[in-house]
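Undergrad: with the input below, show me the fold.
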Amino acid sequence: MARLEQITQQRLEKLERLRGRGIEPYPHSYSRTHTCEEALKLFERIEAGKVVAPPELRLAGRITAIRFMGKIAFFDLRDGSSKIQLHFSRQRLGDGKYGLLRDLDIGDIIGAEGSLFRTRTGEVTLDVTDFTILCKSLQPLPEKWHGLVDVEKRYRQRYLDLIANEETKPLFVMRSQIVSSVREFLTGRGFIEVETPVLQSVAGGALARRFKTHHEALDEDLYLRIALELYLKRLVVGGFDKVFEIGRVFRNEGISTKHNPEFTMLEAYEAYADYNDMMKLVEDMIYHVATTVVGTTKVNFGGELIELAPPWRRLSLREAVKEKSGIDFEDYPDADSLRQRMEALGVEVDPAKDRGRLVDELISTFVEPSLLQPTFLVDYPVEMSPLAKRKRDNPRLVERFELFIGGIEIANAFTELNDPLEQRERFRQQLETQVQMAAVEKEAEREAVDEDFLLALEYGMPPTGGLGVGIDRLVMVLCGKQSIREVILFPQLKTKGD
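TA: Sure, this is the predicted structure:
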């Protein structure tokens with residue numbers, strides 16, 4: 001710490017020296033003519049005789065290396081596009097201007113003007129005729145510019161990660177391109193993008209703990225949304241036949257390599273469709289994103305080469321659980337009998353979990369890790385899916401699928417329940433289960449019924465297919481990253497004490 005304080009003090013002294021010479025180290029703007037990447041491409045065209053060299057270029061960026069060689073100096077300048085070398089000459093700049101270079105440090109941001117040439121070593125370089133200090137950096141960049149390897153620091157101070165690690169920025173550029181490609185695909189299929197409330201009086205659409213806040217003017221408690229579903233379905237009622245939203249949702253639950261308290265969801269709803277149509281939609285969408293953004297349907301995830309070209313495998317949830325665990329959950333119609341069977345296999349079971357959550361634990365324990373290639377798990381117990389329509393030939397199941405890639409859940413979809421009377425009964429049963437669980441867990445808070453949503457259903461919602469895709473997890477797979485924190489610019493971390 002003493003060393004860091006010493007460096008900071010030295011930089012403060014340089015800052016004061018610059019100001020003492022009448023130089024403002026934090027000017028308002030700088031008019032650059034080219035990015036570094038544009039300058040490099042321009043020089044290739046100049047050498048090829050395709051264009052005439054302009055009299056002067058003006059570049060701007062952060063200093064990432066400094067090399068003094070007597071009366072000349074070479075700096076590396078990096079902007080958001082690329083890196084270029086700068087050449088400073090005492091003879092060209094004069095003693096006064098050249099002397100200012102001694103008050104510059106790695107991390108400072110400068111503007112430089114001059115003409116391009118290629119050095120004897122073959123490096124394209126800007127021969128600087130003048131330069132402007134744009135921002136004096138008071139903190140040193142990661143030691144010796146070797147990059148930032150401390151994982152927690154990379155997440156906590158993402159700006160340093162972006163500066164120090166050249167592979168970080170392209171990852172988030174790709175994330176942006178993935179989201180844009182998803183939008184392009186859906187709008188090309190006739191979907192309309194909308195925005196729905198983040199603050200909700202009743203946060204529904206999923207089973208999850210909520211974040212709670214209070215609105216002073218209304219004197220009312222509100223919740224951050226845990227899903228996009230119920231408001232998007234209201235829009236289907238209102239006549240939006242194809243609608244989607246990409247937005248942040250919030251769940252007051254655990255943090256892991258697959259979970260962050262806030263994350264990005266895509267939800268899309270199509271009137272007159274069912275879960276089979278949603279399978280085709282998500283299959284086509286991810287194929288489109290992979291080919292247009294990644295440039296291939298083959299991606300490496302956790303050492304496994306994953307093929308994203310359709311068609312993808314369809315697998316009965318019941319058969320998958322039975323094959324991997326030896327349990328046919330249809331033989332155990334209540335939570336107690338299923339819990340006893342799981343305990344007999346040596347699976348530790350939370351006594352507060354209902355039958356649906358027990359089946360979910362069977363999936364995550366026995367089935368999920370084996371689903372490396374894209375796989376649709378289809379047809380779930382009705383207890384797990386209060387918003388899904390019952391399966392046509394088996395009323396104990398619902399028409400639902402989850403998509404798994406690389407052993408993690410990527411998407412979830414239903415043939416949506418549009419019978420308002422059955423939906424109300426499902427909500428009643430869900431509340432009853434939550435009350436029982438709260439008694440075991442000693443938690444007072446439980447979900448409230450969204451009466452306005454039920455009223456909307458009473459006006460009539462057409463048969464509808466609904467789809468939810470975890471954007472962060474999709475980016476993980478397409479970019480080959482094993483942790484969700486790698487693909488979220490600012491993941492949630494515990495606040496550090498002083």
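Undergrad: tell me the helix or strand right after the helix or strand bottoming out on mean pLDDT in the chain.
TA: When the helices and strands of the chain are scored by mean pLDDT, DSSP states H and E, helix 420-441 comes last with a mean of 80. Next helix or strand after helix 420-441 toward the C-terminus (DSSP states H and E): helix 451-459.
Undergrad: which residues touch the helix or strand following that following helix?
TA: The element immediately downstream of helix 451-459 (helix or strand, assigned by DSSP H and E) is strand 464-470. Strand 464-470 has contacts (Cβ atoms under 8 Å, 6 or more residues apart in numbering) with 182, 227-229, 232-233, 236, 263-278, 281-282, 285, 409-416, 418. Heads up, the C-betas are built off the backbone N, CA and C, glycines and all.
Undergrad: and residue 202, helix, strand or coil?
TA: Assigned with DSSP: H, G, I helix; E, B strand; the rest coil, residue 202 falls in the coil class.
Undergrad: and for it, the neighbour number?
TA: 17 (other Cβ atoms under 10 Å).
Undergrad: contacting residues around it?
TA: 223, 447, 448, 449, 450 are the contacts of residue 202 under Cβ under 8 Å, 6+ apart.
Undergrad: and with 10 Å instead?
TA: Residue 202 makes contact with 210, 222, 223, 225, 230, 447, 448, 449, 450, 451, 452, 453, according to Cβ atoms under 10 Å, 6 or more residues apart in numbering.
Undergrad: quick one: the strands in the stretch 251-400 of the chain?
TA: Secondary structure of the stretch 251-400 of the chain (DSSP state E, counting those that start in this stretch): strands at 262-271, 298-301, 304-307, 313-316, 375-381, 390-391, 394-405.
Undergrad: paired strands for the fifth one, with orientation please.
TA: Using DSSP bridges, strand 375-381 pairs in its sheet with strand 313-316 (parallel), strand 394-405 (antiparallel).
Undergrad: can you select the buried ones among the contacts of strand 464-470 for me in ChimeraX?
TA: Buried residues within these, by 16 or more other Cβ atoms under 10 Å, are selected in ChimeraX with:
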select :182,227,228,229,232,233,236,263,264,265,266,267,268,269,270,271,273,274,275,276,277,278,281,282,285,409,410,411,412,413,414,415,416,418
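Undergrad: so which of the contacts of strand 464-470 belong to helices?
TA: 182, 229, 232, 233, 236, 275, 276, 277, 278, 281, 282, 285 (DSSP state H).
Undergrad: surely the fifth one touches residue 267?
TA: To tie it back to what came earlier, the one meant is residue 236. No - contact between residue 236 and residue 267 fails when scored by Cβ atoms under 10 Å: they sit 11.4 Å apart.
Undergrad: mutual contacts of the two, please.
TA: Common neighbours of residue 236 and residue 267 (criterion: Cβ under 10 Å, 6+ apart): 243, 466.
Undergrad: are any of the contacts of residue 202 buried, and which?
TA: 210, 222, 223, 225, 230, 447, 450, 453.
Undergrad: which member of the residues you listed is positioned nearest residue 52?
TA: Closest approach between the buried ones among the contacts of residue 202 and residue 52, by Cβ to Cβ: residue 225, at 57.3 Å.
Undergrad: ok, the closest one to residue 450 distance?
TA: In this structure, residue 225 lies at 12 Å from residue 450, with Cβ to Cβ, to the nearest Å as the measure.
Undergrad: what do the two both touch?
TA: 200, 202, 203, 204, 205, 231.
Undergrad: possible to save the residues you listed as a markdown table with distance to residue 27 and pLDDT?
TA: Formatted as a markdown table, the shared contacts of residue 225 and residue 450 follow (distance: Cβ to Cβ, whole Å; pLDDT from 0 to 100):
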| residue | distance to residue 27 | pLDDT |
| --- | --- | --- |
| 200 | 45 | 95 |
| 202 | 51 | 91 |
| 203 | 47 | 88 |
| 204 | 52 | 87 |
| 205 | 50 | 86 |
| 231 | 47 | 97 |
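Undergrad: is it possible to get TSV of the ones in helices among the contacts of strand 464-470 that adds distance to residue 215?
TA: TSV is the format used below for the ones in helices among the contacts of strand 464-470 (distance: Cβ to Cβ, whole Å):
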residue	distance to residue 215
182	32
229	23
232	23
233	24
236	28
275	37
276	42
277	39
278	35
281	37
282	36
285	37
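Undergrad: just curious, which of those is nearest to residue 86?
TA: Among the ones in helices among the contacts of strand 464-470, residue 182 lies closest to residue 86 (Cβ to Cβ), at 40.2 Å.
Undergrad: and the pLDDT for the closest one?
TA: As predicted, residue 182 sits at a pLDDT of 98.
Undergrad: ok, now the one 10 residues further on?
TA: On pLDDT, residue 192 comes in at 98.
Undergrad: from residue 121, how far out is it?
TA: 56 Å.
Undergrad: can you check residue 170 too?
TA: For residue 170, the distance to residue 121 - Cβ to Cβ - is 26 Å.
Undergrad: compare the two and say which is more crowded by neighbours.
TA: Each of residue 170 and residue 121 has its neighbours counted (other Cβ under 10 Å); residue 170 has more, 10 against 7.
Undergrad: so the more buried one is in contact with residue 479, correct?
TA: Yes - between residue 170 and residue 479 a contact is recorded at 9.3 Å, counting by Cβ under 10 Å.
Undergrad: now residue 383. Nearest residue, chain neighbours left out?
TA: residue 356 (3.5 Å; Cβ to Cβ, 6 or more residues apart in numbering).
Undergrad: mind listing what that neighbour touches?
TA: For residue 356, the contact set (Cβ under 10 Å, 6+ apart) comprises 207, 329, 335, 380, 381, 382, 383, 384, 385, 386, 430, 433.
Undergrad: closest one of these to residue 29?
TA: Using Cβ to Cβ, the contacts of residue 356 come closest to residue 29 at residue 207, 51.2 Å.
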